[in-house]
Structures are given as structure tokens and as C-alpha cells.
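Student: Sequence plus the predicted model coming up.
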Amino acid sequence: MKALFIGGTGNISAAVSKMALEKGIDLYHLNRGNNSKIEGVKNIITDIYDLENTKRLLSGHKWDVVVNWIAFTPEDIQRDMDLFDENTNQYIFISSASAYQKPPENYIITESTPLSNPFWDYSRNKIACEQLLNSSYKEKKFPVTIVRPSHTYNTVIPITIGGWAEYTTVDRIKRGLPIVVQGDGTSLWTMTHAIDFAKGFIGLMNNQQAIGESFHITSDEVLTWNQIYQTIAKAAGCVAEIVHIPSDYIADFADITNYTSKRGSLLGDKAHSAVFDNSKIKRFVPDFVADIPFSQGIKQTLNWFEEDKSRMVIKEESNRFIDGLIENYGNKN
């Protein structure tokens, strides 16, 4: 199998890339070469938005699978359909589980759950991309498969404030400082390790039965947000001092203080329970199983951050926001 990943070195895609190589896939990356290269991958260095250079470098290639990890708008999709219409047997679009209906009518999500998110432009753009691809599949048989990751982690800390590429909230936990959890912390959520995600994803690659289909790939482990933060604290050898604050209050305070907007990612995603029915991916990829519990996976993630001190980024902007948020909410109440 000959595959092209546009991107390929991110939090999810790097894990998929490494597993693809282990499976003997002839893997190419097309990216700007800004991140560390993965040994065994053949690299095509260009900016996908430099269309003429991209066309020149791709000339003569025929792909079994093309995966775009960094497509976010219908314009990105139209460009890719023009680029790969005649030279790939399968195009996999990385959408997002945040595209599913918000607020949900049922907390158990299947692939047939409606797509609707009035809170987050990111999700609405992903929905528009899906609509364009599905129309092209129906009208022109463009060979698309849609994959919707949910909260998938490996080299990121998957929390709401002071995490992801930051170490800020973990540092606060270690120093005994209070941290913020949205709502009352009892809503249900699903965390998926990127290596588990990769198992399902590889099974969809060059799988002709998956053409024209949509999938999410998640763990079957369900945790409350309180449990998530408590598990992170335990992995850090500490106990979390949690302050619960309503999601809309967090979003409003972020807007007022010009902090990174939390409106979409909270009201359009993490403020709602999300439990996924993985029956479909298990039908198409019978050997798929997500077997890395969050308690194990987040320990590995923290170890990865701590192996290189430069990864342990602590942002004073985030500390000021968290402290101000707690103080402001406390004064209000």
C-alpha cells in the first residue's frame, strides 16, 4: 500500500504514521518540514497552499490512500479533490466528533447522530467539508472516507484550560494551586489514546468497503471530568484542588479578559456528555480494540513532557486567567 499523509507529524497523525510503517505501508509525508521527521517516512517538502509547487512534486505519483490531517475548510477540500481526483483510490478526511449535534438529544453518539454545532466555527467548517465530500461522492464517486476523532491524546495534555501543548495546569496541581473544572464535573467524557485510534484508522486505509462511509474511533472507557482531572493529578503524584465553574461563565470571562476563546470548545463540545458507540468501526475493522486506559495513557503523556524540560511550557497568561477566573467567580457567589 502506498499512502500520502498531508501533515503526518501531529499528536494523532504521528502515532498513525509510526503504526503504518510497522505494518509495511509505503508512507509519504507532504508538509513544510517544520516538525521532526519520522524515520522510514519519505518526505515531500512543500506548503500544500503552494499549489503549483505541490502539483509539480506530486506529478507521476499514484496513491492507494491520501489522508489530509490539516484540512479545515471547504476550500481546502475543493483543492484536494482537484489534486487527487484522478490519482488516489481513497481519500480520508479527518473531521471531528465535535461536529455531532450540540446540545445532544442523546448522550450516546453513533455515526448517524445529526451533525450540528451552532457554537463553534471550527465544527461548522468540518460539517461543511463533510457535506462537500459527500456530494462529490454521490455525484462523481470521489472515493472519500470520513473519520471523526474525539478527544485524542498522546503528546498533549487533554484538558480544558492550561493544557494541550501547555504544562500549566499540571504545574498548578504539583504546586497545590486550585484548578478549574467546567460545570460540576459529573458530565461524561471519552478520552482516546492516539495509539488506540491508530489501530482503527489503519484498518480503514485501503479498505474499499469504507468508501462513502463515516466513522468515529474512540475508547469505550467513559469518565467524568472530575475523574479525568483526578487521574491526571494521581499520575503527577498529587491530589487536585478542583474549583467548579459553569461553562458559560468560563466562556464569558475568557471573552472579557481577551484570553483564548473557550466559547466554542466548551459550549460546542466539552460542556456536554459524549459517549460513543463504536459498533461501526468494530464491524469494519474486526480486530480493533482500544485497550489503553486513561490512567496508563496520561502517565505516559506526562512522562513524555517531563523527558524534555522544553516541553513543560508554563504560561503566565494561563495562570493569570485561572486565578482571575476563580477570584471573580468566588466574589460573584
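Tutor: Nice, I can see it. Treat the numbers as computed from the prediction; the structure is a model and nothing was measured.
Student: For the lengthiest helix in the chain, what does the pLDDT average out to?
Tutor: For the chain, the helix with the greatest residue count under DSSP state H is helix 121-140. For helix 121-140, mean pLDDT is 97.
Student: and for it, what are the contacting residues?
Tutor: Outside helix 121-140, the residues within contact range by CB atoms under 8 Å, 6 or more residues apart in numbering are 71-74, 76-78, 81, 85, 91, 93, 95-96, 98-99, 102, 115-118, 142-144, 146, 211-212, 214, 264, 268-269. Where C-beta positions appear, they are placed from N, C-alpha and C, glycine not excepted.
Student: Among the residues you listed, which ones are in strands?
Tutor: Among these, the members found in strands (DSSP state E) are 91, 93, 144, 146, 214.
Student: Just the buried ones from those?
Tutor: Buried members of those, counted by 16 or more other CB atoms under 10 Å: 91, 93, 144, 146, 214.
Student: Roughly how far does the third one sit from residue 212?
Tutor: Noted for residue 144: a distance of 7 Å to residue 212, by CB to CB, to the nearest Å.
Student: give me the number of residues near the nearest residue to residue 167 once chain neighbours are set aside?
Tutor: In this structure, residue 167 finds its nearest non-sequential neighbour in residue 312, 4.2 Å apart by CB to CB, 6 or more residues apart in numbering. Neighbour count for residue 312, taken as other CB atoms under 10 Å: 15.
Student: which residues sit in contact with residue 312?
Tutor: Residue 312 neighbours (CB under 8 Å, 6+ apart): 167, 171, 305, 306.
Student: what does residue 326 give?
Tutor: Contacts of residue 326 by CB under 8 Å, 6+ apart are 178, 180, 243, 245.
Student: helix or strand for the third one, which one?
Tutor: Secondary-structure assignment from DSSP states H and E places residue 243 in strand 242-245.
Student: and residue 34, how many neighbours does it have?
Tutor: For residue 34, the neighbour count with other CB under 10 Å is 7.
Student: Find me the pLDDT at it, would you?
Tutor: 82.
Student: who are the neighbours in contact with it?
Tutor: So residue 34 contacts nothing (CB under 8 Å, 6+ apart).
Student: That one falls within a strand, correct?
Tutor: No: per DSSP: H, G, I helix; E, B strand; the rest coil, residue 34 lies outside any strand segment and is coil.
Student: quick one: it and residue 153, what's the gap?
Tutor: Residue 34 is 21 Å from residue 153, by CB to CB.
Student: And the pLDDT at residue 237?
Tutor: In this model, residue 237 is scored at 97, pLDDT.
Student: Could you check how far it is from residue 5?
Tutor: Residue 237 sits 37 Å away from residue 5, taking CB to CB as the criterion.
Student: out of those two, which sits in the busier spot?
Tutor: Using other CB under 10 Å, the more surrounded residue of residue 237 and residue 5 is residue 5, with 26 against 9.
Student: right, and the helix or strand after the helix or strand that contains the more buried one?
Tutor: Using DSSP H and E, residue 5 sits in strand 2-6. Sequence-wise, the next helix or strand downstream of strand 2-6 (DSSP H and E) is helix 13-22.
Student: what's the spacing between that next one and its chain's center?
Tutor: 16 Å (CA atoms, centre = their mean, to the nearest Å).
Student: cool, and stretch 38-58?
Tutor: With CA atoms, centre = their mean as the basis, stretch 38-58 stands 23 Å off its chain's centre.
Student: Which of the residues in it are classified as buried?
Tutor: Per 16+ other CB under 10 Å, stretch 38-58 contains these buried residues: 38, 41, 44, 46, 48, 54, 58.
Student: Correct me if wrong: the fourth one contacts residue 32.
Tutor: Put plainly, it is residue 46. Yes: counting by CB atoms under 8 Å, residue 32 is a contact partner of residue 46 at 7.2 Å.
Student: Among the contacts of helix 121-140, which lie within helices?
Tutor: Those of these mapping onto helices are 74, 76, 77, 78, 81, per DSSP H.
Student: The residues you listed, buried ones only, as a PyMOL selection?
Tutor: What follows is the PyMOL syntax for the buried subset of the ones in helices among the contacts of helix 121-140, where burial is set by 16+ other CB under 10 Å:
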select buried, resi 74+76+77+81
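Student: List just the nearest of the ones in helices among the contacts of helix 121-140 to residue 233.
Tutor: residue 76 (38.5 Å; CB to CB).
Student: And the chain, what are its domain boundaries?
Tutor: With domains defined by automatic domain parsing, the chain comprises 2-151+193-216, 154-190+221-273+291-332.
Student: Turn the ones you listed into CSV, columns for distance to residue 280.
Tutor: Converted to CSV, the domains of the chain look like this (distance: least, CB to CB, whole Å):
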stretch, distance to residue 280
domain 2-151+193-216, 5
domain 154-190+221-273+291-332, 15
